[in-house]
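Colleague: no sequence for this one, just the structure:
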């Protein structure tokens, strides 16, 4: 059953930041500035090394960013019997494929977010942690995720939501995860099923001329099957991905 | 284009050169509004060209797989949301528009909504009697009929049974399907062609009567000449949605904008058309809150017609209160995983029980408060469209009460535990626990909020200074441009919008035809 996460931490305010509704704007600006002008300090020199086996060439993320997403995935989906490890379903490659679908400005925002989330300097100033996310112990990682999740600043919660959706969309799209959640996959359809369809859509070459009233009544719907047979060959479709 | 010849569906992504068309009518968008108008005008012998930014996916190309469907068939590759990501927006993008991916729920416009529009916005002539023959025609063409209670799936059955126990209003939903096999994959497009989506119905009719439909052609700009739009410019897109560099230019006597309540305002703003400052204003969403109930027996809310029972018990909560209505939602893995609250073990515990979960939703009926302005569609400096929607306190109250109603329904239907979609999910095991929702945080990004019904942005009204189109859907300030999609609604509806859009499009076609003829 659900466990309450009791973690609560005093947030460290940024210089000039005060508690209040408008200050998340400042946080946004300051956070971005940290990423780009934070060089030269010891914390900013801390870098995440790409994990071995990130897998394949990446379309949108850098190997370092893909490594951060894998580290995040390991905590969003903690070890549990039946659930594959994120690396086993090629989570970084899947996240990368989703990011690559976004528009170039949106991709830039996502990558900036990933780097900010991982940054040791931002972690220190915001949450009192002085390691990169990827280099932190699991408890510290959970604490940092929690700090973003329940932050009083909308911008941080927005960032958390973006990262969470990316990881979960990528992980649970993998058919290997479906047994753990009791999803047998889509039912198998024979050619006969597809053939039963009412008038086909017009094709480019030869548009059919359907009668105005195809049939007086459709065939009776069938009740929901208890356990449809899993479709064979449930590999991830590649169409629509670059 | 010769008189009497059948039309065709063309893939603009494959064009090798720029194309110019000079039809009578250019329709931008092939969803619930555009398809009906295209078919009705083509049937009168008018030459029609339709521009559609999405691809064409006949049933044999469809995969019952979310990781294929969201990038292929949804706006922004399935990532559409308000700018702060607090409200997830599900909206289709394909030949057939959202009708390709919606859950087939079909309601006529509630008469009280039409009466409100007449009184509050001076919309004359759009009443129950005027629309009735148009709804009847659409219902016949799309085989709209009640879904038999015997084949309602266990998820919708939880709503039916719960409402029965509580003595609440309940009804079986009418669906636009023909030969439905009750598979449960409406949201990833019907793989058997049973859904009476636009690509299977009105667009087939339009093509038979000579319409030319360009798939993967995104309208990007309207050229004005005096009080008319002279040319609609579209860019061709490849499979990945990137411009190929080829253009389609359409010079038509009449232009019909039907890109939906985000993309139609976007196109007008991109074209520099906003004479009254109302374009993109009054955007309403039917903001949705969800609830998951864990049942002792399997529910398998991923199988079976996804939405077949509704309750309008709380649609009218009296003056100053925002009403809501209750329906069900399917529980496919990616949709569930990206929506459920929490992370780590909290999230995993809920996912592990997916097969035994019922998922019900409450949709808040926004736009009816006296000073309610809804959300805003605007353009970002980098050119992307942006949607902002501030959830007012009255709507948070409605979402909270809606969530309580859902929890009561699920407990009454036999759920052993119910979770809210908060980041710290509220856990309810008995009726007494439902009050815990009063103490939960009702703020952006602390609870998941959704919308699959984007409405408004080009609101109709009699006052040109306070609305975008007139009561016959023509732009106030231009002589040959109509808007025929959900963006013309001056409020939300209180029911799923597709049939209202069909009906209004069917009705408006008569006015448009006389201008184009």
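Modeller: Now that the structure is in, tell me what you want to look at. In this text the structure is predicted, and so the values were computed from the model without any measurement. Numbering: from 1, shown residues only, chains lettered A, B, ... in the order given.

Colleague: what's near enough to touch residue B:36?
Modeller: Taking C-beta atoms under 8 Å, 6 or more residues apart in numbering or on different chains as the criterion, residue B:36 is in contact with B:138, B:198, B:202, B:484, B:501-502, B:505-506, B:509. No exception for glycine: its C-beta is placed from N, CA and C like everyone else's.

Colleague: Where neighbours are concerned, which of the residues you listed has the most?
Modeller: Using other C-beta atoms under 10 Å in any protein chain shown as the contact criterion, the top neighbour count among those goes to residue B:198, which has 33 neighbours.

Colleague: which residue sits closest to it, ignoring its sequence neighbours?
Modeller: The shortest distance from residue B:198 to any residue other than its chain neighbours is 3.5 Å, reached at residue B:35 (C-beta to C-beta, 6 or more residues apart in numbering or on different chains).

Colleague: swap in residue A:87?
Modeller: Here the nearest residue to residue A:87 in space, its sequence neighbours aside, is residue A:70; by C-beta to C-beta, 6+ apart that works out to 6.3 Å.

Colleague: from what I can see the one you found touches residue A:91, true?
Modeller: Yes: the pair residue A:70 / residue A:91 is scored as a contact, 5.8 Å apart, by C-beta atoms under 8 Å.

Colleague: okay, those two: which has more neighbours?
Modeller: Between residue A:70 and residue A:91, counted using other C-beta under 10 Å, the more crowded position is residue A:91 (27 against 24).

Colleague: show me what contacts the residue nearest to residue A:87?
Modeller: Residue A:70 touches A:51, A:54, A:86-87, A:91-92, counting by C-beta under 8 Å, 6+ apart.

Colleague: quick one: average pLDDT of the helix or strand where residue A:155 lies?
Modeller: With elements delineated by DSSP states H and E, residue A:155 resides in helix A:154-172, which encompasses its position. Taken as a whole, helix A:154-172 has an average pLDDT of 96.

Colleague: For residue B:195, give me phi and psi.
Modeller: phi -60, psi 130 (degrees, to the nearest 10).

Colleague: tell me the pLDDT at it?
Modeller: Looking at residue B:195, its pLDDT reads 98.

Colleague: Also residue A:48?
Modeller: We have a pLDDT of 73 for residue A:48.

Colleague: so it touches residue A:67, yeah?
Modeller: Yes: under the criterion of C-beta under 8 Å, residue A:48 is in contact with residue A:67, at a separation of 5.5 Å.

Colleague: Name the residues contacting each of these two.
Modeller: Going by C-beta under 8 Å, 6+ apart, residues that sit against residue A:48 and also against residue A:67 are residue A:134.

Colleague: Let me see the contact set for residue B:217.
Modeller: Residue B:217 sits next to B:12, B:51-53, B:234-237, B:248 when contact means C-beta under 8 Å, 6+ apart.

Colleague: Among those, which one lies nearest to chain A?
Modeller: Ranked by distance to chain A (C-beta to the nearest C-beta), the contacts of residue B:217 are led by residue B:12 at 11.5 Å.

Colleague: Find me the pLDDT at that closest one, would you?
Modeller: 98.

Colleague: Which parts of the chain are helices?
Modeller: The chain I'm using is chain A. When secondary structure is read from DSSP state H, chain A shows helices at A:23-37, A:63-76, A:91-101, A:104-118, A:120-127, A:138-149, A:154-172, A:191-195.

Colleague: I was after chain B.
Modeller: With DSSP H as the criterion, chain B has helices spanning B:32-43, B:66-73, B:111-121, B:128-141, B:154-166, B:202-208, B:260-270, B:333-337, B:345-352, B:393-412, B:498-516.

Colleague: Would you mind listing what in the stretch 401-517 of chain B touches chain A?
Modeller: Counting by C-beta under 8 Å from any C-beta of the partner chain, the residues of the stretch 401-517 of chain B lying close to chain A are B:417, B:419, B:423-425, B:427, B:444-446.

Colleague: try it again with 7 Å
Modeller: Proximity of the stretch 401-517 of chain B to chain A (C-beta under 7 Å from any C-beta of the partner chain) is limited to residues B:423-425, B:427, B:444-445.

Colleague: ok, for the residue of the stretch 301-450 of chain B found nearest chain A, nearest residue in space, not its chain neighbours?
Modeller: Residue nearest to chain A within the stretch 301-450 of chain B: residue B:355 (3.1 Å; C-beta to the nearest C-beta). Of all residues not flanking residue B:355 in the chain, residue A:182 sits nearest, at 3.1 Å (C-beta to C-beta, 6+ apart).

Colleague: Could I get the contacting residues of residue B:104?
Modeller: Contacts here follow C-beta atoms under 7 Å, 6 or more residues apart in numbering or on different chains; on that basis residue B:104 touches B:175-177, B:186, B:195.

Colleague: Tell me the residues of the stretch 151-300 of chain B that contact chain A?
Modeller: B:151, B:153, B:178-183, B:185, B:191-194, B:199-200, B:204, B:207-208, B:240.

Colleague: picking up where we left off before, winner for burial among the helices of chain B?
Modeller: Across the helices of chain B, the average number of neighbours (mean count of other C-beta atoms under 10 Å in any protein chain shown) peaks for helix B:32-43, which reaches a mean of 30.

Colleague: Selecting buried members of the residues of the stretch 151-300 of chain B next to chain A in ChimeraX, what would you type?
Modeller: Entered in ChimeraX, the line below selects the buried ones among those, by 16 or more other C-beta atoms under 10 Å in any protein chain shown:
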select /B:151,153,178,179,180,181,182,183,185,191,192,193,194,199,200,204,207,208
